[in-house]
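[1] structure for this input, please:
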Amino acid sequence: MSLPLKTTSLPEAVYDALRESIVTVQEAPGSLLTETAIALRYGVARPTAKAALERLVSEGLLDRRAHHAAKVPQLSRDDIADLYSSRVIIEEAALRNLAGTGTVPARALAVHRELLDYARADEAAPFARVDVTFHRELVLGQPSLRLARMHALIMGEIELCIGQVQSHRLLNATEVARQHQGILDAVQLGDVELAGRLTREHIEGARDRLLKHVDQEAQ
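    The predicted model follows:
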């Protein structure tokens, strides 16, 4: 049976729907996704399904080897630790740069308001998409293009981690929004040290909760 898609261009709609199912762990880590299966699921042609899968592979949300089906990555404990270690280096530097300007990017502020709306309506509401978008917009709004490029390289896999944090209820929308607000306040104050420290604490706090969950599952 075909599933409904959002009203947008068809390739974009398939990409968005599939991306959401991966990030929210509806597609379990290790799941195989074929062009035929995706085409049937969403009622689209195989080239459209292929385009969506290839885009997700390029962003790190899927793995694919030649002549094999795409696969949802299974991140090990070491993978998670390494991803968050890389992320904190990049984002702390980016937020220090941003605080030096004292200006919050308008798009990051708009996404933050969206998360606040989620938190007011339901603190357990899904937040992975807005969380990732918020951080992307902050990094894109600071002056270093190279930091932004490095950030983009890892954010697909980071989104897989944030999806696990959300799906296992290790953080809720209210907690995430509160931490984001602290970072924004530090940027607006132009407090470089505080912006860097709060960014590091925000990222490492999420990492520690996820690693603790992974360790408990392993036991």
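[2] residue contacts, the spatially most central residue of the chain?
    The residue lying closest to the centre of the chain (CA atoms, centre = their mean) is residue 159, at 2.8 Å. Taking CB atoms under 8 Å, 6 or more residues apart in numbering as the criterion, residue 159 is in contact with 23, 61, 128, 132. Where you see a C-beta, it was placed from the backbone N, CA and C, and this is true even at glycine.
[3] would you list these in TSV and tack on distance to residue 168, pLDDT and secondary structure?
    Below are the contacts of residue 159 laid out as TSV (distance: CB to CB, whole Å; pLDDT from 0 to 100; DSSP: H, G, I helix; E, B strand; the rest coil):
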residue	distance to residue 168	pLDDT	secondary structure
23	13	86	helix
61	18	90	coil
128	12	86	helix
132	17	91	helix
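[4] let me know the closest of those to residue 92.
    residue 132 (17.0 Å; CB to CB).
[5] TSV please, covering the contacts of residue 159 and showing neighbour count.
    Shown next, in TSV, are the contacts of residue 159 (neighbours: other CB atoms under 10 Å):
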residue	neighbour count
23	23
61	24
128	21
132	19
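[6] from the chain's centre, how far out does the lowest-mean-pLDDT helix or strand in the chain sit?
    Every helix and strand of the chain was ranked by mean pLDDT, DSSP states H and E. The lowest is helix 10-23, at a mean of 88. Here helix 10-23 is found 14 Å from its chain centre; the criterion is CA atoms, centre = their mean, to the nearest Å.
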